[in-house]
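Asker: the amino acid sequence is not available; the structure is as follows:
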Ligand code: DI6
Ligand code: FE
């Protein structure tokens with residue numbers, strides 16, 4: 001006997017991929033509803049999908065639409081302070097790179113994070129996570145990378161883990177010690193510390209689920225990526241890479257060859273980068289919030305990614321410098337308007353493909369037998385509306401592990 005039968009609903013399993021249409025999904029399509037009108041949950045997982053089964057309890061969802069819980073697979077949500085002044089300077093003409101080169105940018109948030117206690121980081125960051133949960137985000141990735149010394153990186157990761165204990169959502173953490181080079185440090189010397197000291201300590205405390213690096217003219221290079229990838233692999237941690245955000249570096253192709261789970265940003269990705277991702281099965285994580293907020297002019301090569309069959313995820317990149325946009329629904333909308341993703345594609349980007357970017361594709365992100373029963377309930381005829389209307393639509397209910405959040 002199953003625990004709960006959820007009945008009288010329309011559900012969107014998000015199980016179809018580009019492969020279902022021979023590699024060329026119709027960009028205009030909305031997600032397809034399943035034929036059945038119910039599913040059952042037992043011990044927090046979908047235990048029957050689409051068929052009426054005996055259960056201890058029945059919940060009538062009033063004919064509403066059900067989607068898998070959203071997964072925000074790329075955020076820097078734990079931080080202190082803000083960068084309003086820098087933003088105003090950029091509006092007056094300074095570039096993101098110029099501000100970084102002058103000791104602002106990421107380094108100004110590093111100063112604020114180093115000065116904050118773990119409790120203060122949690123206090124400042126928790127409302128951001130709570131806002132995402134209200135939009136239906138049930139799995140949230142959070143990166144470190146504003147500490148850039150051992151104690152401050154550990155503090156950020158502990159704060160991130162605590163958010164996952166304080167809210168009914170799953171937090172997955174990523175060690176981004178290689179976000180940029182701290183003030184006054186030599187790049188190679190700092191990267192050696194990341195690899196030899198910080199990463200082993202982070203791994204020993206079980207504080208990271210993945211490792212990330214920002215490959216860019218203002219941060220790290222291809223050799224650093226190789227070194228970090230080897231170190232991550234020694235710790236048994238998957239690799240993710242900030243690649244081709246502001247310029248073309250070839251980081252995407254290299255990361256794909258090195259077995260990265262995902263390459264993120266990709267505005268400047270080349271055809272060779274796309275081919276390498278397709279060959280390796282790397283997920284492309286698109287971050288339209290950063291593109292919008294920095295007023296970038298070159299969108300990622302979505303048509304090429306689509307026709308190569310590269311799974312595309314969409315995430316918020318929440319951070320104080322390039323995406324102070326605490327809304328996955330807004331990013332979903334921007335993925336449509338600014339990047340040309342269709343409704344089914346963009347919604348797959350915050351569900352099944354986002355799960356793949358976290359290495360959780362067999363655990364969540366779809367409504368299918370055996371997967372975690374994280375789902376959201378909406379008063380919508382067609383979830384594709386979320387690519388059309390911006391604002392004013394939030395889930396009627398959010399369930400985590402089959403229980404109301
Ligand atoms: N790319 C980004 O857009 C964020 N990090 C990164 O590597 C920005 C981080 C910041 O400006 O604070
Ligand atoms: Fe980022």
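Answerer: Yep, it's here. None of these values were measured; they are calculated from a predicted model. Ligands and ions are numbered 1, 2, ... in the order given.
Asker: make it CA atoms for all contacts and neighbour counts henceforth
Answerer: Noted.
Asker: what pLDDT does the model give whatever residue of the stretch 1-150 of the chain ends up closest to ligand 1?
Answerer: Per C-alpha to the nearest ligand atom, residue 106 is where the stretch 1-150 of the chain lies closest to ligand 1, at 4.1 Å. Among the per-residue scores, residue 106 holds a pLDDT of 96.
Asker: tell me who's in contact with it.
Answerer: With contacts defined as C-alpha atoms under 8 Å, 6 or more residues apart in numbering, residue 106 is in contact with 100, 146, 180, 321.
Asker: also residue 290?
Answerer: The contact partners of residue 290, by C-alpha under 8 Å, 6+ apart, come to 317, 322-323.
Asker: now, which of these sits nearest ligand 1?
Answerer: Checking the contacts of residue 290 against ligand 1 by C-alpha to the nearest ligand atom gives residue 322 as the nearest, at 4.9 Å.
Asker: how much space between the closest one and residue 77?
Answerer: Using C-alpha to C-alpha, to the nearest Å, one gets 12 Å for the distance from residue 322 to residue 77.
Asker: these two: which has the busier surroundings?
Answerer: Neighbours were counted for residue 322 and for residue 77 using other C-alpha atoms under 10 Å; residue 77 has more, 27 against 20.
Asker: surely that one touches residue 131?
Answerer: No. Assessed by C-alpha atoms under 8 Å, residue 77 is found out of contact with residue 131, at 11.4 Å.
Asker: checking the residue in the stretch 251-400 of the chain that ligand 1 sits nearest to next. Helix, strand or coil?
Answerer: Ranking the residues of the stretch 251-400 of the chain by distance to ligand 1 (C-alpha to the nearest ligand atom) places residue 321 first, at 3.5 Å. Reduced to three states with DSSP: H, G, I helix; E, B strand; the rest coil, the structure at residue 321 is coil.
Asker: so how far is residue 15 from residue 145?
Answerer: Using C-alpha to C-alpha, one gets 33 Å for the distance from residue 145 to residue 15.
Asker: neighbour-wise, which of these two wins?
Answerer: Neighbour tally, residue 145 and residue 15, criterion other C-alpha under 10 Å: the higher count belongs to residue 145, 29 against 17.
Asker: quick one on the thing from earlier: for the residue of the stretch 251-400 of the chain closest to ligand 1, what are its contacts?
Answerer: By C-alpha under 8 Å, 6+ apart, the residues touching residue 321 are 82-83, 87, 105-106.
Asker: which of the residues in the helix or strand of the chain with the lowest mean pLDDT are buried?
Answerer: Lowest mean confidence among the helices and strands of the chain (mean pLDDT, DSSP states H and E): helix 96-101, at a mean of 92. Of the residues in helix 96-101, those buried by neighbour count under the rule 16 or more other C-alpha atoms under 10 Å are 96, 99-100.
Asker: nearest the middle, which residue of the chain would you pick?
Answerer: Among the residues of the chain, the smallest C-alpha distance to the mean C-alpha position (C-alpha atoms, centre = their mean) belongs to residue 73, namely 1.6 Å.
Asker: sketch out the low-pLDDT regions of the stretch 1-150 of the chain for me.
Answerer: Within the stretch 1-150 of the chain, the stretches with pLDDT under 70 are 16-25.
Asker: on that earlier part again, which one of the contacts of residue 290 sits closest to residue 164?
Answerer: Comparing these against residue 164 with C-alpha to C-alpha picks out residue 317 as the nearest, at 17.8 Å.
Asker: count residues in the vicinity of the closest one, would you?
Answerer: The criterion is other C-alpha under 10 Å. On that basis, residue 317 has 32 neighbouring residues.
Asker: okay, and the closest residue to ligand 1 within the stretch 151-300 of the chain sits in which element?
Answerer: With C-alpha to the nearest ligand atom as the measure, residue 214 is the residue of the stretch 151-300 of the chain nearest to ligand 1, at 4.8 Å. Taking DSSP states H and E as the definition, residue 214 sits inside strand 210-214.
Asker: show me what that strand is packed up against.
Answerer: strand 170-178, helix 222-234, strand 239-243 (3 or more C-alpha pairs under 8 Å, 6 or more residues apart in numbering; DSSP states H and E).
Asker: mind listing what the last one pairs with, with the direction of each?
Answerer: In other words, strand 239-243. strand 210-214 (parallel), strand 262-265 (parallel) (DSSP bridges).
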